[in-house]
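# show me the folded form of this:
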Amino acid sequence: MKNKIIYLVLLTFATVSGYSQGGRTEVKGNKEYDKYAYIDAIKTYERIYEKGYKSPDMILKIGNAYYFNAELEKANKWYSELYTTNPEQEAEFYYRFAQTLRAVKDYPKADAMMAKFNDKSGNDTRAKLFNKKKDYLAEIKKNSGRYKIENAGINSKYSDYGPAYMGTKVIFTSARDTGNFSKRIHTWTGQYFTNLYSSALSEDGSLSGVDKFGKKINTKYHEDTPAFTKDGKTVYFTRNNYLDGRGFDANKVTLLKIYKANLDDEGKWINITPLNFNSDSYQAAHPALSPDEKTLYFASDMPGTRGQSDLYRVKINEDGSLGTPENLGDAINSEGRETYPFISSDNELYFASDGQPGLGGLDIFVTRIPKDGSLNFKQVLNIGEEGNSPKDDFGFIIDFKSKRGFLSSNRDGGQGSDDIYKFLETRPIFCDQILHGVITDEDTKAVLPNTKLVLMDEKFNKVKETVSDAEGKYEFTEVECGAKYYVNASLEDYETKEVPVIIGTESGKTELNIELKTKTCRVKVGDDLADCFKINIIYFDLDKWNIRPDAAVDLAKLLDVLNQNPTMKINIRSHTDSRASHAYNEKLSDRRAKSTRDWLIKNGIAADRLTSEGLGETELVNKCADGVKCSEEEHQLNRRSEFIITSL
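A predicted model of the protein is given here:
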């Protein structure tokens, strides 16, 4: 009779008495400095701020500049000033402000900002995490419907479970020889047993015929869950330790251990020995081999186990000896039971757990084994319905090439207490996406090599970084499908730019091209300084030409540039729209241009560096001449100020 404890990490983590059916176990770009003057706009902003010229938009930009460069304490200064001036901001501001508040250890205010972020951001995941909410059922639903499952065709009315591949055969565990399940939930006395059986595996994934496997492997005691090397000459398997009347622990519970055997030239299993990490005070069971056969995974309740049973790994040395077992860690193991590991040929680790969120009982989960050999497991996913049920689901194996495999379950509709089901995986659970693109200059469209790119998750945690190549191209591999990321692009003499992107939901590539704007304005004779700072209008009151306070903020930028470039000379040109008479507009624009020149002279710029002229409506930029009906927005395009460089 099959011992349910054996198969669920082997229940012997406690006595079996009262054990029920449901509980289981990254060359800079060329620069022509001789032709251009380089103006650092951000530094200009800070200098004019110190002189008393400021605006909310400028303050936000300075704060963001520091935030993007991870200078959170500096960013906090600017964000704090902006928030004090106006508490009503866009949602993302509150999140960033909260991050900078944590940097200065103002945790209560940071929490208050996160509350505001939550109110304004709606379904943003960061807000959900802040509120400690997680809908695991949505994940299960997303992963469901990927398997076509049916009875494997080899089940009996007894317990059949724990399949393993051995070449063109499947070896599985069964209690079919006993026929007596009346003592199934009694205290473990060694009176019911499981053995290993063999069935032929066809190309379509079906099984045919059942034979007992390995006379030297099977005993009159318990054996189950084997793992074979690819050549079929070595097997690791679980065995009940009750031999020759011995094998109880201090609580009179029969122990489980992992054994190893070799196949001789005559097809007989020899050298059957227990592994060196076994003990008479804890259990080890359910061995599984890594694709390179250099690591053995297993389940155990050995000291250091977090829950009832954890998953471990141990290195297999060249001489066949074993290293020290290593717990797979908190990403995998819980306070419940983790058991039945299996590693597919593409290094996906499948296991059963009742500690991870599931549908009920043991559910099957999958994660990818880190390529660097670490235990930094990232995604642990429930494989979804059909693969899982409200009952116990475990013992999952799959052939990566054919996408066919088997699993064990005591779900409703089976033949025995546990049955083996065959399945076809119709779509992979892991979506493989690559995020890629080209970095270019926003104005010239030239490619920008050596741009540093940092990939951040939706909580702005750094995921990885890279550098654009000689063609300005970059690539991030292994990004999570459907996930939101932020890409931070930075390059010397360019403004740092942070761009959000949502990765595609199916395997493939997601393209994100990024254009960077120079933070140093490259100017030459004939260029308009207004373009550097996006100054279109120096505002004056109606029919007036005195400098208003808000216009002084923009003029302060020009003042700073002229101070930083003492040989630069400019011509101040003022334009009007076509409304009012031509003569009036010419005189008004001339007075305004002279007023702007006078302001700069008053603030220290030598008069011989400045000329001015009012052009009225003589150089319209659109159709809006006299008698043409135009919108206010169209007229506004003609009301502009120019600051043309006449000498450098």
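# tell me which helix or strand of the chain sits lowest on mean pLDDT?
helix 4-7 (a mean of 35; mean pLDDT, DSSP states H and E).
# C-terminal to that one, what's the next element?
Using DSSP states H and E, the helix or strand that follows helix 4-7 in sequence is helix 41-50.
# run through the neighbouring helices and strands of that next one.
helix 56-68, helix 529-533, helix 549-564 (3 or more C-beta pairs under 8 Å, 6 or more residues apart in numbering; DSSP states H and E). All C-beta spots, glycine's among them, are computed from the backbone N, C-alpha and C.
# out of those, nearest to D330?
helix 56-68 (31.1 Å; C-beta to C-beta).
# domain ranges for the protein?
4-19+149-425, 70-130, 432-516, 529-647 (automatic domain parsing).
# tabulate these in CSV, adding columns for mean neighbour count and distance to K43.
Listed next are these as CSV, based on neighbours: other C-beta atoms under 10 Å; distance: least, C-beta to C-beta, whole Å:
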stretch, mean neighbour count, distance to K43
domain 4-19+149-425, 19, 40
domain 70-130, 17, 13
domain 432-516, 17, 12
domain 529-647, 17, 9
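# do you know which of the ones you listed lies nearest E50?
Closest approach to E50 among the domains of the chain (C-beta to C-beta): domain 529-647, 10.2 Å.
# make JSON lines out of the helices and strands packed on helix 41-50 and add distance to L600 and mean pLDDT.
JSON lines is the format used below for the helices and strands packed on helix 41-50 (distance: least, C-beta to C-beta, whole Å; pLDDT from 0 to 100):
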{"stretch": "helix 56-68", "distance to L600": "20", "mean pLDDT": "82"}
{"stretch": "helix 529-533", "distance to L600": "12", "mean pLDDT": "78"}
{"stretch": "helix 549-564", "distance to L600": "6", "mean pLDDT": "82"}
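# can you list the ones you listed in TSV and add distance to D626?
What follows is the helices and strands packed on helix 41-50, written out as TSV (distance: least, C-beta to C-beta, whole Å):
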stretch	distance to D626
helix 56-68	35
helix 529-533	26
helix 549-564	27
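# for L311, find the nearest of those.
helix 56-68 (40.5 Å).
# so the helix or strand that that closest one is followed by versus helix 56-68, what angle?
Sequence order places helix 72-85 as the next helix or strand after helix 56-68, per DSSP H and E. Inter-element angle recorded for helix 72-85 and helix 56-68: 150 degrees (by axes from the mean of the first three to the mean of the last three C-alpha atoms, to 10 degrees).
# show me what helix 72-85 is packed against.
Counting by 3+ C-beta pairs under 8 Å, 6+ apart, helix 72-85 packs on helix 56-68, helix 91-103.
# nearest approach to N333 belongs to which of those?
Of the helices and strands packed on helix 72-85, nearest to N333 by C-beta to C-beta is helix 91-103, at 29.9 Å.
# after the closest one comes which helix or strand?
Following helix 91-103 toward the C-terminus (DSSP H and E): helix 107-121.
# gap between that following helix and the chain center?
Its chain's C-alpha centre and that of helix 107-121 lie 23 Å apart, by C-alpha atoms, centre = their mean, to the nearest Å.
# what about that helix, average pLDDT?
Across helix 107-121, the average pLDDT comes to 84.
# where's E385 relative to D363, distance?
Separation of E385 from D363 (C-beta to C-beta, to the nearest Å): 10 Å.
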